[in-house]
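Peer 1: Coordinates only, no sequence provided:
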């Protein structure tokens, strides 16, 4: 089975871009501002193992902090926010105008 993404909380991580699957999963959970203890509970590992995964990911991306790791992962396309809602229509009036093209009201 070939997985190309990992969803962790409100974030999707993309495999094959430099981080190991568990590093990517921990990074995605960290993007949700969870503590190592909370991440450990979700991943079924110890908080110490979470810290190790995040440290390894920080080293690979050249980040000094977990916040920096999340920012680098986001900027480099390793993680993206999961979108649950359809994008809002930027100009609903434009749609109404197009619906009534050629119809003139007196």
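Peer 2: Done, it's in. Fair warning: this is a prediction, and the values are worked out from it, not measured in the lab.
Peer 1: so how far is residue 4 from residue 18?
Peer 2: Distance, residue 18 to residue 4, by C-beta to C-beta, to the nearest Å: 14 Å. Using the backbone N, CA and C atoms, a C-beta is placed for each residue, glycine as well.
Peer 1: So between those two, which is more surrounded?
Peer 2: Neighbour totals were compared for residue 18 and residue 4, and residue 18 leads with 14 against 9 (other C-beta atoms under 10 Å).
Peer 1: What about that one? Give its phi and psi, please.
Peer 2: Dihedral pair for residue 18: phi 120, psi -20, per degrees, to the nearest 10.
Peer 1: That one against residue 60, yeah?
Peer 2: Yes: contact criterion C-beta atoms under 8 Å: residue 18 and residue 60 qualify, at 5.9 Å.
Peer 1: Tell me which residues are up against the longest helix along the chain.
Peer 2: Using DSSP state H, we find that the single longest helix of the chain is helix 47-61. Applying C-beta atoms under 8 Å, 6 or more residues apart in numbering, the contact partners of helix 47-61 are 18-20, 22-27, 30, 36-37, 39-40, 43, 63-66, 68-69, 72-73, 76, 78.
Peer 1: Alright, that wraps it up for me.
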